[in-house]
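**Q** just need the structure, nothing else, for what follows:
(chains A and B)
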Amino acid sequence: MIYASGVDMGVQGIKVDYYFSLDHMEPGKHIILRTYLDRENPVIKSITPITSQADWSERELIEFLGVKVQGHPNPTHLWLPVNWDQMYIGSRPEADHETERIDAAPVAVLPKENIVTLPVTTIPYGPYHPAFIESNYLKMSVEDEVVKKVDLKLGFNHRSVIKLMERRDYYKDVFLAERICGFCNAHHALTFSKAVEDIAAVDVPIKAQLARTLLCEMERIQSHLLAIGLVGDLTGFRTMLMNSLRIREEMQDSLEVVSGQRVTHGLITLGGIRRDVTPAQADFILAKLKVMKKSVPEFFDQCLSNDVLVERLKGVGVLKKEDAIKLGAVGPTARGSGHRIDVRKNSPYAAYDEVDWDIITENTCDCLGRVKVKMRETLMSMHISEQCCDKIKTAPAPLMAKIIELPCGEAITKSEPPRGELLYHVASNGTNTPDFVRIRVPTFLNAHIMLGLIQGGWLGDVPAIIGSIDPCFSCTDRVAIIKKDKQDIVDMRTLGGRKCST
Amino acid sequence: MFDLTWLNPIIAFAMGIILAFNLRKVFARVQLRRGPLLWLPGKWQDINRSKLLQPLYDIIKLFSKQTIIPHTATILFILAPVLALICALSVTLFVPVAGNSFDYSFSLVVIFYLLVFVTLFVIVGGISSASLFAAMGGVREVELMLANEIPFILGTFALAITYNTLSVRQMMGFNLLWNPLAAIAVFIAILVKLHVKPFDIPEAESEIVGGLTTEYSGKLLGTLEIVKLIMLFTLSALYTDLFLWVPSTGIMSWAVFIVGILLVGAAIGFTNALFARFRIDQATKWLFRVSTFISLLAIGWAVVGAYVL
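**A** Okay, here's the model as predicted:
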């Protein structure tokens, strides 16, 4: 079970899809259950009691589309403010958008289940906290350093990316997809392009596949190095952060040589890649990888030989293998618990079939296992990058397959960014803008698991757990709101109550 | 004749600044960074200047900022940093600076009490700010202090047993050789008192935003920073006097003292850079077991040395 999502299709009703992925048992096998709900009274029975992986997906349905999900154990708002329904004074929300009359007072009566009303000390890891890179509101109720109850509120980085994607044509959407997240941007662009290529049924040339693989793996290296450094920073080991950033600079130089940018490379486009990866660039990358082959294992040895750091991470945030499978963990979080899933092997894309590599797992199921998985994956990614570089030097010339026209259709693709498993569902209706786009990011599931791990542990373990799961809340805050009517868009400008000039 | 001991607080503040700079420089160098600049030839002074007095500039900046007092805070919020500063300045009068101090036959005990009072006033001030993060920091600081006092007292008492006195000036000597276990125990205790990694739990930035001093700003925070500098000097000076002192007078005593302080400062800087941070329960367990054990061994060594040999 990976995702549940709904689209307001206008006259036809609200279309709800439940996506199930079974590709760890049989490569490439997925099942999608689809139903249409009545727009006036959208009611659906929740499957959260059966599998708790649907928890956040169904809360998203309740929050953004107004679907009434019966039997959901925790139907509170995740992204939107708590007093969303009372925020608009007057009966017509559309009129209020123009006049910006919002009742922005804080809610008088908090919902009963809200953690702030409990009679224990509530520590907010508030919207700004040194433990996070991005902003989100983690409320923990703490009794004597043991965390009793934890709750998460997202939505501080919400940019309505999906709704924006529906108004732009496909080529612009590739760039928009890139900017959803800073660490996994090539993977977002890759997955979106692959979905569109599947709709158009074109074959991407071999050099483009290799270049895409190379870019994705180099991005994985730099993301993992930063994540490992951040684990050090969050446990107080500032030296580890400085060293990891210094080593990461080699990889950033290689990325800059390939694409001209350090973060959002505009290299991937529909049908292939935009610029050539020349043999000179490939040689440069190979030289940098040779340097890194010495410095990266040395850095990992230095980190793991520090007893205090290992003591902070060992036995902390244990996620047993059965729980990892039941809760739907993805990425290094799952592989650190011994669960061998990896989209690159289960539903192969780009050139992963042609390079020689293996899935990395660890059996210790705790924070140390997850950090070790990231370390070994970095070394494996360097191995893959070397093979791609060697193959690119002798690959034939065509870079891009032209997409002439796009038939009506839908496509669903998955890929493996550094944090887990990314799903894109793109539908086209024959025009040059998508009909709808649905994105399911890896942090969507991992953050849910993170909350479960924090609860019941020490307060001092919270940064270690957050660091080892490495959530990317910028990815998670990308959903659009469709309220009542497809034209009615609510985005962050009206939520804040201020009028921004367009 | 004007007793040179009365200059100790000023010397403490000045050398505290240099020690803080030393700490930052060593911290940066271990991480293969450059760190704050120490010296630049005259011709290049318009590119960059020496940052030796940067800790002083930070304190002056803090004193020129607005002091925000939360409305839930009590009067102790304002009084506690001042009282802590008074206690810190008093300690410097009793710690021998190149041999100058007010010495009594029990000055070691006076130093203990005043050092504990400094930490206590910081805790009281932090907690009286009625902030969540300060409460968490206060709990951690109290636990850490309780676990730390025992090895510190036992380690210095080992020296007291050897020299059969409680006066610091008579205990001064190169005790690093005569009682190395006590040297190790007292060094670890100093690391804990100065909140140096792996023990900087109460100031854990990534967990509780500022710890005890979250709500402090402006002049009160400047006072607390001065207290930190003076504590850095005082504990380094105490360690140098007790363990690294070669008996001498006049200009040689100043040379020995300054070399000793810089060495201790460098050692503290190295330890700060090389470790992660303990969790509070791990820190107290470690201190109660390992550090107390070492200090008990140190006392055993001292007893054997004094009464058997």
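
**Q** from B:Phe21, how far off is the closest residue to A:Phe183 other than its chain neighbours?
**A** Excluding the flanking residues, the one nearest A:Phe183 by Cβ to Cβ, 6 or more residues apart in numbering or on different chains is A:Ser223, at 4.2 Å. In this view, the C-beta of every residue, glycine as well, is placed from N, C-alpha and C. Separation of A:Ser223 from B:Phe21 (Cβ to Cβ, to the nearest Å): 36 Å.

**Q** which one's more surrounded, the two?
**A** A:Ser223 (26 against 21; other Cβ atoms under 10 Å in any protein chain shown).

**Q** from chain A, how far off is the nearest residue to B:Val26 once chain neighbours are set aside?
**A** Of all residues not flanking B:Val26 in the chain, B:Gly269 sits nearest, at 3.0 Å (Cβ to Cβ, 6+ apart). B:Gly269 sits 12 Å away from chain A, going by Cβ to the nearest Cβ, to the nearest Å.

**Q** what helix or strand is B:Gly269 on?
**A** helix B:251-274 (DSSP states H and E).

**Q** can you check A:Lys414 too?
**A** Under the assignment here (DSSP H and E), A:Lys414 is part of strand A:409-415.

**Q** tell me the helices and strands packed up against the helix or strand following that strand.
**A** Later in the chain than strand A:409-415, the nearest helix or strand by DSSP H and E is strand A:422-428. Applying 3 or more Cβ pairs under 8 Å, 6 or more residues apart in numbering or on different chains; DSSP states H and E, we find strand A:422-428 packed against strand A:14-21, helix A:185-200, strand A:409-415, strand A:434-440.

**Q** next, the buried residues of the next helix or strand after the second one.
**A** Right, the one you point to is helix A:185-200. Counting by DSSP H and E, the element after helix A:185-200 in chain order, helix or strand, is helix A:206-234. Neighbour counts over helix A:206-234 (16 or more other Cβ atoms under 10 Å in any protein chain shown) mark A:207-234 as buried.

**Q** which bits of the stretch 51-200 of chain B sit near chain A?
**A** With Cβ under 8 Å from any Cβ of the partner chain as the criterion, the stretch 51-200 of chain B meets chain A at residues B:132-133, B:135-136, B:139, B:197-198, B:200.

**Q** please redo it, this time with the cut-off set to 6 Å
**A** Within the stretch 51-200 of chain B, the positions near chain A by Cβ under 6 Å from any Cβ of the partner chain are B:132, B:197-198.

**Q** hmm, back to that, for the helix holding B:Gly269, which residues meet the burial criterion?
**A** Here helix B:251-274 shows B:253, B:256-257, B:260-262, B:264-274 as buried, counting by 16+ other Cβ under 10 Å.

**Q** pretty sure B:Leu220 contacts B:Ala80?
**A** No - contact criterion Cβ atoms under 6 Å: B:Leu220 and B:Ala80 do not qualify, at 8.7 Å.

**Q** how far off centre is the strand or helix carrying B:Val26?
**A** Secondary structure from DSSP H and E places B:Val26 in helix B:8-30. Offset of helix B:8-30 from its chain centre (Cα atoms, centre = their mean, to the nearest Å): 11 Å.

**Q** just checking, what packs against that helix?
**A** helix B:54-63, helix B:76-94, helix B:218-243, helix B:251-274 (3 or more Cβ pairs under 6 Å, 6 or more residues apart in numbering or on different chains; DSSP states H and E).

**Q** what comes into contact with the second one?
**A** The set of residues that contact helix B:76-94 without belonging to it, under Cβ atoms under 6 Å, 6 or more residues apart in numbering or on different chains, is B:8-9, B:12, B:101-102, B:107, B:110-111, B:114, B:117-118, B:121-122, B:124-125, B:128-129, B:220, B:223-224, B:227, B:230, B:234.

**Q** may I have the helix or strand following that helix as PDB, with CA atoms only?
**A** The first helix or strand that comes after helix B:76-94 along the chain, using DSSP H and E, is helix B:107-127. Taking C-alpha atoms only, helix B:107-127 is exported to PDB below (Å, rounded to 0.1, in the frame of the first residue of the first chain):
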ATOM      1  CA  SER B 107      41.000  28.000  50.800                       C
ATOM      2  CA  LEU B 108      40.300  24.900  48.800                       C
ATOM      3  CA  VAL B 109      36.900  24.500  50.500                       C
ATOM      4  CA  VAL B 110      36.100  28.200  49.800                       C
ATOM      5  CA  ILE B 111      36.900  27.700  46.200                       C
ATOM      6  CA  PHE B 112      34.500  24.700  46.000                       C
ATOM      7  CA  TYR B 113      31.700  26.600  47.500                       C
ATOM      8  CA  LEU B 114      32.100  29.600  45.300                       C
ATOM      9  CA  LEU B 115      32.300  27.400  42.200                       C
ATOM     10  CA  VAL B 116      29.100  25.600  43.100                       C
ATOM     11  CA  PHE B 117      27.400  28.900  43.800                       C
ATOM     12  CA  VAL B 118      28.200  30.200  40.300                       C
ATOM     13  CA  THR B 119      26.500  27.200  38.700                       C
ATOM     14  CA  LEU B 120      23.600  27.400  41.200                       C
ATOM     15  CA  PHE B 121      22.900  31.000  40.400                       C
ATOM     16  CA  VAL B 122      22.900  30.300  36.700                       C
ATOM     17  CA  ILE B 123      20.400  27.500  37.200                       C
ATOM     18  CA  VAL B 124      18.200  29.700  39.500                       C
ATOM     19  CA  GLY B 125      18.200  32.500  37.000                       C
ATOM     20  CA  GLY B 126      17.400  30.200  34.100                       C
ATOM     21  CA  ILE B 127      14.600  28.500  35.800                       C
END
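
**Q** this completes my enquiry, with thanks.
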